[in-house]
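Asker: just need the structure, nothing else, for what follows:
(2 chains)
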There are 2 protein chains.
Amino acid sequence: MADLLVVGSVALDSVETPFGKVQEALGGSATYFSYSASFFTRVRLVAVVGQDFPETHLRLLEDRGVDIGGLQVASGRTFRWTGEYGYDLNEAKTLDTQLNVFAEFRPELDEDRGRVPYLFLANIDPELQLEVLHQMKERPRLVALDTMNFWIQGKRDALRRVLAEVDVVTVNDGEARRLASEPNLIRAARAISAMGPRTVIVKRGEYGALLMTDGALFFVPAYPLESVYDPTGAGDTFAGGFMGYLAARYTAFHDLIRVEP
Amino acid sequence: MADLLVVGSVALDSVETPFGKVQEALGGSATYFSYSASFFTRVRLVAVVGQDFPETHLRLLEDRGVDIGGLQVASGRTFRWTGEYGYDLNEAKTLDTQLNVFAEFRPELDEDRGRVPYLFLANIDPELQLEVLHQMKERPRLVALDTMNFWIQGKRDALRRVLAEVDVVTVNDGEARRLASEPNLIRAARAISAMGPRTVIVKRGEYGALLMTDGALFFVPAYPLESVYDPTGAGDTFAGGFMGYLAARYTAFHDLIRVEP
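Answerer: Numbers count the residues shown, from 1 in each chain, chains lettered A, B, ... in the order given. I've put the predicted structure just below:
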């Protein structure tokens, strides 16, 4: 079992779906990732919240054994996201984003956190992702990155720079097509891999995920759910399970497929 | 290896996609099914064509070893279908259907064909499917059925009667939802199974297929294609491979999962 560091957002989400609605629920990419990965390995979270962030949420993460020593508490309000989904739960519509303390977030890794062997750069500004990667004292054994259309469109150059330095990227199918400017998903995955990451994971919602590594393809179906109420955080939860499992076995993905055919 | 009988359509298709167009190409559910299944077992085709049906198409099937002794040649013109696809190749739009000799088609099984152990009722009027099933001298080892929205909407009662008597049904995801009146695919598959077929196969286009048998689920991805020009007949080709393989091993699907875990 090896330490897994995640840098990302911790947020308060207000979400409405055709099946219900929540106000200021615990959310954020780093939250979902940490919670999920904590079932496999020790997770160290680096993020920022405001002074209004509820203690109970901190307890929830601590109870899962997540190290929240790297969670900064800044003066101001916590990052808030408001979104809604229609009956097609694959596509979120953002209604409001209040960056608040997240706008000034500068992740800082101490000596200890700068040497973790597994690093997940959750969905934040690619310039921050790059900054974190360059703060590492040693090259981690495995670095994975998640991103979204907002950065693919708005910060393509910075995103390309960080992509060139990571091992694994996780995107959904729409993001893969946009990032590669290629409608065919297989060709898109290959084009993204050519940008740097040896392993490309394309998340396809209810259809599962595909993984391309060294040009080879592997598919998994999604767990068949009969009732889906709210998909917020599904991709980060998936990434947490994936990275947590690799960190628990102290292996990189390409070792895994070599060792266990 | 055991005989596999298919009853369905043999047609001349005119298809336009964003990538090209064909006029009166060889088509029809029984054609695609036979060609595909012929790679695994002996296929016996029962269908009808008109006097205008090109000899070269008959040669194509004969060259694959397909028994076309049950292909009636009726006076009149062959069944013609005209359709188009947009960039979303998952959905065909029918522009024109000329039933021609197919309108009066009454499949007749002789003594020999009435005893085949594997039977595929391709996508035709469910009343004809039922008629064929009742012409069998012995209950086949395995009977599978394909259908489409046209029959689900227009001949629901007849479809329910034939469904009650088959072992396997193959439908795409939209058809599954419509047949079961249920948006969730897992619940839809369970509801369809409750109508009779022990095994329900849901075809999901580029996302592969799922199979429910005795309540258990099995998923396969689609073969990853980089260039898809025309999906006409994909479902029948898939069914041909599936049934052809089972017939070649002389097994029913539930035996297969029991014998080869």
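
Asker: middle-most residue in chain A, spatially?
Answerer: Centroid check for chain A by CA atoms, centre = their mean gives residue A:122 as the closest residue, at 3.4 Å.

Asker: which residues touch the nearest residue to that residue once chain neighbours are set aside?
Answerer: The shortest distance from residue A:122 to any non-neighbouring residue, by CB to CB, 6 or more residues apart in numbering or on different chains, is to residue A:8 (2.6 Å). Every C-beta, even on glycine, is put in place using the N, C-alpha and C of the backbone. Residues in contact with residue A:8 (CB atoms under 8 Å, 6 or more residues apart in numbering or on different chains) are A:28-30, A:33, A:47, A:120-124, A:236.

Asker: any idea how far residue A:8 is from residue B:40?
Answerer: Distance, residue A:8 to residue B:40, using CB to CB, to the nearest Å: 50 Å.

Asker: what's the answer for residue A:232, then?
Answerer: Distance from residue A:232 to residue B:40, by CB to CB: 46 Å.

Asker: and for residue A:90?
Answerer: On the measure of CB to CB, residue A:90 and residue B:40 end up 36 Å apart.

Asker: and residue A:160, by the same measure?
Answerer: Per CB to CB, residue A:160 is found 48 Å from residue B:40.

Asker: out of these two, which sits in the busier spot?
Answerer: For residue A:160 versus residue B:40, neighbours defined as other CB atoms under 10 Å in any protein chain shown are more numerous around residue B:40 (19 against 14).

Asker: I'd guessed the more buried one sits against residue B:248; true?
Answerer: Yes. Using CB atoms under 8 Å, residue B:40 is in contact with residue B:248, at 4.2 Å.

Asker: anything in contact with each of the two?
Answerer: residue B:1.

Asker: and residue A:83, what helix or strand is that in?
Answerer: Here residue A:83, judged by DSSP states H and E, is contained in strand A:80-85.

Asker: wait, does that strand contact chain B?
Answerer: No. Strand A:80-85 stays clear of chain B (CB under 8 Å from any CB of the partner chain), getting no nearer than 14.3 Å.

Asker: on that earlier part again, which of the contacts of residue A:8 sit farthest apart?
Answerer: A:28 and A:121 (14.1 Å; CB to CB).

Asker: which residues touch the residue nearest to the centre of chain A?
Answerer: Counting by CB under 8 Å, 6+ apart, residue A:122 touches A:6-9, A:29-30, A:33, A:146, A:236, A:239.

Asker: quick check: it vs residue B:153, distance?
Answerer: 46 Å.

Asker: residue A:192 now?
Answerer: Residue A:192 is 42 Å from residue B:153, where distance means CB to CB.

Asker: I'd say residue A:246 and residue A:199 touch.
Answerer: No. Look at residue A:246 against residue A:199 with CB under 8 Å: they stay out of range, at 10.6 Å.

Asker: those two: which has the busier surroundings?
Answerer: residue A:246 (25 against 22).

Asker: what about the helix or strand containing the more buried one, distance to the chain center?
Answerer: Taking DSSP H and E as the definition, residue A:246 sits inside helix A:234-248. The chain centroid and the centroid of helix A:234-248 are separated by 9 Å under CA atoms, centre = their mean, to the nearest Å.

Asker: next one: phi and psi at residue A:141?
Answerer: phi -70, psi -40 (degrees, to the nearest 10).

Asker: that one - how many residues pack around it?
Answerer: Number of residues near residue A:141 (other CB under 10 Å) recorded here: 17.

Asker: can you tell me, leaving aside adjacent residues, what's nearest to it?
Answerer: residue A:117 (4.2 Å).

Asker: can I assume that neighbour is in contact with residue A:137?
Answerer: No. Contact criterion CB under 8 Å: residue A:117 and residue A:137 do not qualify, at 11.6 Å.

Asker: would you map the strands across the stretch 151-261 of chain A?
Answerer: A:168-172, A:199-203, A:209-213, A:216-220 (DSSP state E, counting those that start in this stretch).

Asker: now render the ones you listed as a markdown table, adding distance to residue B:102 and mean pLDDT.
Answerer: Listed next are those as a markdown table, based on distance: least, CB to CB, whole Å; pLDDT from 0 to 100:
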| stretch | distance to residue B:102 | mean pLDDT |
| --- | --- | --- |
| strand A:168-172 | 44 | 96 |
| strand A:199-203 | 42 | 96 |
| strand A:209-213 | 40 | 94 |
| strand A:216-220 | 38 | 91 |
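
Asker: now the closest residue to residue A:240 other than its chain neighbours, what's its secondary structure?
Answerer: Closest residue to residue A:240 apart from its sequence neighbours, by CB to CB, 6+ apart: residue A:36 at 3.0 Å. What DSSP: H, G, I helix; E, B strand; the rest coil gives for residue A:36 is helix.

Asker: got it, and residue A:26?
Answerer: Under three-state DSSP, residue A:26 falls in the strand class.
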